[in-house]
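Student: Sequence plus the predicted model coming up.
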Amino acid sequence: MERYYQKEIECASRDEIRSLQSRRLVEQVRFVWDNVPYYRHKMEAQGVTPDDIKGIEDISKLPFLKKDDLRDSYPDGLRGVPAKECVRIHSTSGTTGKRVVAYYTKDDIELWNDCVARALVAADISDEDVVQVCYGYGLFTGGLGLHGGAEKLGCMVLPMSSGSTERQLQFMVDLKSTVLCCTPSYAAYLSETINETGLRDKIHLRRGIFGAEAWSDDMRASIESSLGIKAHDIYGLTELSGPGVAYECSAQKGMHINEDHFLAEIIDPETGKSLPLGSKGELVITSLTKKGFPLLRYRTRDICILSEEKCSCGRTFVKMSRPMGRSDDMLIVKGVNVFPSQIETVLIQQGYSSNYQIIVDRKNNSDTLDVMIEMTSENFSDNLGKITAQEKSLVSELKAMLGIYANVHLVAPKSIVRSEGKAVRVIDRRKI
Ligand SMILES: [Zn+2]
């Protein structure tokens, strides 16, 4: 376990961390300049060359990468090495339906697994533990990310993936799982089911690693008391590897960023200007070591606060608060990124008006997504008898675009409430 609690790095002085980051940044900028023409052109357009970057103090000279850049460079314009040197991809949805494809070399996977293993050790998990991973496996990074880190640590891993609650509970009891990894809403759902079915005395859980969606300290307290565990947050993005960019230690007050691999900044989302430590703003992350998909100054759109305050665990890595919102209109529903523009794209492709409303709610601790679509007057009277069939077809089109189910309701013209003449596009009723 010592190997994954790298005290000399995780508890180094701030000066040592900054000097390691500076060295790595200088190398990474040179690597990207030489290997990623898309980003080199952005640097050239800004009149910057690798010679201008002598340390982390020069970071703000570099151009940002935004989600639009990831879309424009689809499918491989930001890849840092030939495809042959990559061993895996993961993917996430983009703003207009085009997916973002992230590439990993063998080393990238090892580094990612190390970051996750560190996160587990910080939550007091060891090779004695049985880790039940209920994040989805596949293009989504949750499943394979937690899996890789837990296996590297020497835990016994149950690669359950998401869903099949009955089977999850059977294995949890029979194989004596001690660690649960899933979204906080699924953890809450499992805990309710466990208590309702009288399994509370038969489970052996002691820790939870919950991420991929927003949750509150109230929700944490309720999951912790109903399952008898300590619940830890984990943060990450597919664009930057996946879960494990930042992790919560025993203090459970903010997440330490793995600063030997990631350089974090906070900017004003409106002006793009860097903000001093302690300010609330948009988190921007530079990947210092990844080679398959080496993103520099990636705008995460997550709003948070960074803090260098001394942590009771002894780690000196900077801490980020839990994301407090987004600087764009992305919603996270059932752990999946959903952009209203994706829904709009489907509606327009299918010949519907762009008068729609998205309602997100949380029922029985599970997110729900409802899409109300206004029909035009002629459509409404002509097709009254066929509405169910049309709704069904939209459900499957939306599933193909978003990866999750949405309830579709075709509604009468002018029935969506407008405020100041404009339809309110998104209503998020979740109390989180
Ligand atoms: Zn700590």
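Tutor: Received, thanks.

Student: Going by C-alpha atoms from here, please, whenever you check contacts or count neighbours.
Tutor: Noted.

Student: Setting aside sequence neighbours, what's the nearest residue to the residue of the stretch 1-150 of the chain found nearest the ion?
Tutor: Residue nearest to the ion within the stretch 1-150 of the chain: A122 (7.9 Å; Cα to the ion). Leaving aside its chain neighbours, A122 sits nearest to C249 (4.7 Å; criterion: Cα to Cα, 6 or more residues apart in numbering).

Student: and the one you found, how many residues sit next to it?
Tutor: C249: 25 surrounding residues under other Cα atoms under 10 Å.

Student: Quick check, the residue of the stretch 1-150 of the chain closest to the ion in contact with E248.
Tutor: Yes - applying Cα atoms under 8 Å, one finds A122 in contact with E248, separated by 6.9 Å.

Student: The two: who's more crowded?
Tutor: Comparing A122 with E248 by other Cα under 10 Å, the one with more neighbours is E248, at 26 against 21.

Student: how near is Q46 to E27?
Tutor: Taking Cα to Cα, to the nearest Å as the measure, Q46 falls 19 Å from E27.

Student: same deal with C182?
Tutor: The spacing between C182 and E27, counted by Cα to Cα, is 36 Å.

Student: Between these two, which is the more surrounded one?
Tutor: Just comparing C182 and E27: by other Cα under 10 Å the higher neighbour count belongs to C182, 25 against 18.

Student: Quickly list what that one is bridged to.
Tutor: On the basis of DSSP bridges, C182 is bridged to F210.

Student: Ok, D370 next?
Tutor: Applying DSSP bridges to D370 gives these bridge partners: I359, N407.

Student: quick one: contacts for it?
Tutor: Residues in contact with D370 (Cα atoms under 8 Å, 6 or more residues apart in numbering) are I358, I359, V360, A406, N407, V408, H409.

Student: Can you lay out these as TSV showing distance to E265?
Tutor: TSV is the format used below for the contacts of D370 (distance: Cα to Cα, whole Å):
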residue	distance to E265
I358	32
I359	33
V360	31
A406	35
N407	38
V408	40
H409	42
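
Student: nearest to the ion, of those residues?
Tutor: Distances from the ion to the contacts of D370, taken by Cα to the ion, are shortest for V360, at 33.5 Å.

Student: Do me a favour and average the pLDDT over the longest helix along the chain.
Tutor: Longest helix in the chain, counting residues (DSSP state H): helix 14-35. Averaging pLDDT along helix 14-35 gives 98.

Student: same for that helix, what does it pack against?
Tutor: Where contact means 3 or more Cα pairs under 8 Å, 6 or more residues apart in numbering; DSSP states H and E, helix 14-35 is packed against helix 37-45.

Student: Can you name the next helix or strand after the helix it packs on?
Tutor: Counting by DSSP states H and E, the element after helix 37-45 in chain order, helix or strand, is helix 67-72.

Student: Now do the buried residues in whatever helix or strand comes next after that next one.
Tutor: The helix or strand immediately downstream of helix 67-72 is strand 86-92, counting by DSSP H and E. By neighbour count with 16 or more other Cα atoms under 10 Å, strand 86-92 contains the buried residues C86, I89, H90, S91, T92.

Student: and the residue nearest to the third one when sequence neighbours are not counted, how many neighbours does it have?
Tutor: Read that as H90. Distances taken as Cα to Cα, 6+ apart place L139 nearest to H90, at 4.6 Å, with adjacent residues excluded. When counting by other Cα under 10 Å, one arrives at 16 neighbours for L139.

Student: What residues does the stretch 201-350 of the chain have near the ion?
Tutor: Within the stretch 201-350 of the chain, the positions near the ion by Cα under 5 Å from the ion are C249, C311, C313.

Student: can you rerun that using 8 Å?
Tutor: Contact residues, the stretch 201-350 of the chain versus the ion (Cα under 8 Å from the ion): 248-256, 311-316, 319.

Student: Now restrict those residues to buried residues only.
Tutor: In these, burial by neighbour count holds for E248, C249, Q252, K253, G254, M255, H256, C311, R315, T316, K319, counting by 16+ other Cα under 10 Å.

Student: My read is that the second one contacts C313, right?
Tutor: Yes - with the criterion set as Cα under 8 Å, C249 and C313 qualify as a contacting pair; they are 6.9 Å apart.

Student: In CSV: the buried ones among the residues of the stretch 201-350 of the chain next to the ion, plus secondary structure.
Tutor: Output for these, formatted as CSV (DSSP: H, G, I helix; E, B strand; the rest coil):
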residue, secondary structure
E248, strand
C249, coil
Q252, coil
K253, coil
G254, coil
M255, strand
H256, strand
C311, coil
R315, coil
T316, coil
K319, strand
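
Student: where in the chain is pLDDT low?
Tutor: Within the chain, the segments meeting pLDDT under 70 span 1-2, 93-97, 354, 378-385, 418-423, 431-432.

Student: domains for it, by residue range?
Tutor: Domains of the chain are assigned by automatic domain parsing as 1-328, 333-428.

Student: and the two most separated of the residues of the stretch 201-350 of the chain next to the ion?
Tutor: Q252 and T316 (14.7 Å; Cα to Cα).

Student: How about the residues of the stretch 1-150 of the chain by the ion?
Tutor: Within the stretch 1-150 of the chain, the positions adjacent to the ion are A122 by Cα under 8 Å from the ion.

Student: how about the helix or strand containing A102 as CSV, C-alpha atoms only?
Tutor: Applying DSSP H and E as the criterion places A102 in strand 100-105. Taking Å, rounded to 0.1, in the frame of the first residue of the first chain, the C-alpha atoms of strand 100-105 are listed here in CSV:
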residue,chain,number,x,y,z
VAL,A,100,-15.1,13.2,-27.7
VAL,A,101,-12.7,10.4,-28.2
ALA,A,102,-9.8,10.2,-25.7
TYR,A,103,-6.7,8.0,-26.4
TYR,A,104,-4.6,6.2,-23.9
THR,A,105,-1.1,4.7,-24.3
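
Student: thinking again about what came up before, check which residues of the longest helix of the chain are buried.
Tutor: By neighbour count with 16+ other Cα under 10 Å, helix 14-35 contains the buried residues 17-18, 20-22, 24-33, 35.

Student: show me what contacts the residue in the stretch 151-300 of the chain positioned nearest to the ion?
Tutor: With Cα to the ion, the shortest gap between the stretch 151-300 of the chain and the ion falls at C249, namely 4.7 Å. Residues near C249 by Cα under 8 Å, 6+ apart: A119, A122, A123, H232, M255, H256, C313.

Student: show me where the stretch 201-350 of the chain has strands.
Tutor: Here the stretch 201-350 of the chain has its strands, by DSSP state E, counting those that start in this stretch, at 207-211, 230-237, 242-248, 255-257, 262-267, 280-287, 298-307, 319-320, 325-326, 331-333, 336-338.

Student: what about the last one, distance to the chain center?
Tutor: Looking back up the chat, that one is strand 336-338. Computed by Cα atoms, centre = their mean, to the nearest Å, the separation of strand 336-338 from the middle of its chain amounts to 9 Å.
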